[in-house]
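Chemist: Have a look at this prediction, sequence included:
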Amino acid sequence: VIETNETWTYTASGFAVSGQYDNLGAVTGRSVVATNTVSDTDPSHYFGASGAIDIEKATNGQDADTPTGPTVAVGSNVTWTYVVRNTGNIGVTNVVVYDSDIGFITNLVSGDLNNNRVIETNETWTYTASGIAVAGQYANLGSVTGVTVSTGSQVTDTDPSHYFGSQPGIVIEKATNGQDADNAPGPTLGIGSAVTWTYAVTNSGNVALTNVVVTDDRVGAITNRLSGDVNSNGLLDVGEVWIYSATGTVVAGQYVNTGLVNAVSLIGQPVNDTDPSHHFGASGAIDIEKATNGQDADTPTGPTVAVGSNVTWTYVVRNTGNIGVTNVVVYDSDIGFITNLVAGDLNNNRVIETNETWTYTASGIAVAGQYANLGSVTGVTVSTGSQVTDTDPSHYFGSQPGIVIEKATNGQDADNAPGPTLGIGSAVTWTYAVTNTGNVALTNVVVTDDRVGAITNRLSGDVNSNGLLDVGEVWIYSATGTVVAGQYVNTGLVNAVSL
């Protein structure tokens, strides 16, 4: 029985729930006298403070909680936004935003509507930070901490964000007949032979590439792709190597052409690379020039030399190609092998270089008449092993002059006594037939008689009126006298000179 002087106290307990809470206490009883029921009620309230905070971090406007996030060009600007919301039911103060890579984020750009530095339940605060994109997969973590204004409880949240730093790269390696000939001279190839260029294009970056175009500054567009697109996706994927080829024909001399590749990353970053390649078009050639007594006598008659005199032949050998020649052999059709190298092998390596002229000599004794011999040279190119050869003729004329005089008395060849018998005091006529019995024309023909003197009365013979006693020509002279008594002899004499 609760007496009039008593106050009874009851207790109960529970767990606070979030938000505004109310409950009603009620009491009933019965009076001990009147036996009537009495009752009363009393409400009570509390507010369940639920402190909570949320951060949402974005990279270039994209909520990139998981990799890879947006793809951005290496070196470009990256902007991070940190959106902080009060997701509880009570204000939060001492708000601190932090980035795992950047540090404290203090650039609050909007949200504190009443400028009281308390993030109310109806507020959203936005912070920003920026940086320069680095290569590859990037992640950083945004975090926020705060303290509830009534309960002093700490609240916190985190949110990751990602991006991928695109650093495209491409490499082209051009080869000539399989040789990476970046520097001259490259492989030595025979003129007119086939040459094959290969172009190995490698994605050396960290993102796939599209619009891959290979060109050659001498050949043009290179479209013959042999291999490489393993997954047939039309993209030059990271680490993938595409092989192209082109062919041509070797021309003489030093040759260079350059391969060029252009491509674009999937976010539009252009990349390119070049690579030169070289080869040397070997033009093997050799020349021999043969001379007789210093005269280049390719056609007859050549120099005229006295029979029995010395003749000197020179054989001048030149490398008229663009590559060294070895195993040089000089040969003469009459003499045989010519080994007397007198000059020209400047470095004594037995290779006739393109800047060398080798001179050989041989000698012999002149023979009569028209003479011809053929000089020849053979050799082998040092790089291609091709045989080269040349020939050159040379001539001389072996001069063997000859002259005969036939003297007749009254038409009779009276070499021996007594000769014709003539009357004393009668006239006598001597004729002198002069014949060129050699093989060259004669000049300065002079006929004399040991008794008569100079014989100048030439009757006939110079058919072509050239003043020369040509080969086989017969000049007729005559003189007269008076017969004297007894045996008589006189002698005709002719002198002449070859040309």
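Modeler: Alright, I've got the coordinates.
Chemist: residues in contact with stretch 292-299?
Modeler: Here stretch 292-299 makes contact (CB atoms under 8 Å, 6 or more residues apart in numbering) with 289-291, 302-303, 305, 311-314, 392-396. In short, each C-beta sits where N, CA and C put it, glycine included.
Chemist: does Asn348 sit in a helix, a strand or a coil?
Modeler: coil (DSSP: H, G, I helix; E, B strand; the rest coil).
Chemist: Just list the residues touching it, thanks.
Modeler: Contacts of Asn348 (CB under 8 Å, 6+ apart): none.
Chemist: As a check, name the ranges of all helices in the stretch 201-350 of the chain.
Modeler: Counting by DSSP state H, counting those that start in this stretch, one finds no helices in the stretch 201-350 of the chain.
Chemist: Now for Gly344, how many residues are close by?
Modeler: Using other CB atoms under 10 Å, Gly344 is surrounded by 15 other residues.
Chemist: Just give the closest residue to it, not the sequence neighbours.
Modeler: Trp358 (3.4 Å; CB to CB, 6 or more residues apart in numbering).
Chemist: Could you pull out the buried residues of the helix or strand hosting the one you found?
Modeler: Here Trp358 sits within strand 357-365, counting by DSSP states H and E. If you call a residue buried by 16 or more other CB atoms under 10 Å, then strand 357-365 has these buried ones: 358, 360, 362, 364.
Chemist: Now do the SS call for the nearest residue in space to Gly131 that is not next to it in sequence.
Modeler: Of all residues beyond its chain neighbours, the one nearest Gly131 is Val78 (5.2 Å), with distances taken as CB to CB, 6+ apart. Per three-state DSSP, the secondary structure class of Val78 is strand.
Chemist: from memory Val78 sits against Ala129, does it?
Modeler: No. Using CB atoms under 8 Å, Val78 makes no contact with Ala129, being 9.1 Å away.
Chemist: Return the list of strands paired to the helix or strand of the chain with the lowest mean pLDDT, each annotated with direction.
Modeler: In the chain, no helix or strand scores lower on mean pLDDT, DSSP states H and E than strand 37-48, which sits at a mean of 83. Here strand 37-48 has these sheet partners by DSSP bridges: strand 19-30 (antiparallel).
Chemist: Ends of stretch 371-389, what's the gap?
Modeler: The straight-line separation of the ends of stretch 371-389 (CA to CA, to the nearest Å) is 23 Å.
Chemist: buried stuff in it?
Modeler: 371-373, 375-382, 384, 386, 388.
Chemist: For the residues you listed, name the two members farthest from one another.
Modeler: Across the buried residues of stretch 371-389, the longest distance by CB to CB is 37.9 Å; it joins Tyr371 and Thr384.
Chemist: where are the low-confidence patches of the stretch 101-250 of the chain?
Modeler: Of all residues in the stretch 101-250 of the chain, none has pLDDT under 70.
Chemist: could you pull out the strands for it?
Modeler: 103-105, 108-110, 124-132, 136-148, 154-166, 170-176, 188-190, 194-203, 209-216, 220-222, 225-227, 241-249 (DSSP state E, counting those that start in this stretch).
Chemist: Pull the third one out as PDB, backbone CA atoms only.
Modeler: Backbone C-alpha positions of strand 124-132 (Å, rounded to 0.1, in the frame of the first residue of the first chain) are rendered in PDB as follows:
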ATOM      1  CA  THR A 124      27.300  18.400 -48.300                       C
ATOM      2  CA  TRP A 125      30.900  19.700 -48.200                       C
ATOM      3  CA  THR A 126      33.000  19.500 -51.400                       C
ATOM      4  CA  TYR A 127      36.800  19.700 -51.400                       C
ATOM      5  CA  THR A 128      39.200  19.500 -54.300                       C
ATOM      6  CA  ALA A 129      42.800  18.800 -55.000                       C
ATOM      7  CA  SER A 130      44.900  18.300 -58.100                       C
ATOM      8  CA  GLY A 131      48.100  16.600 -59.300                       C
ATOM      9  CA  ILE A 132      50.000  15.500 -62.400                       C
END
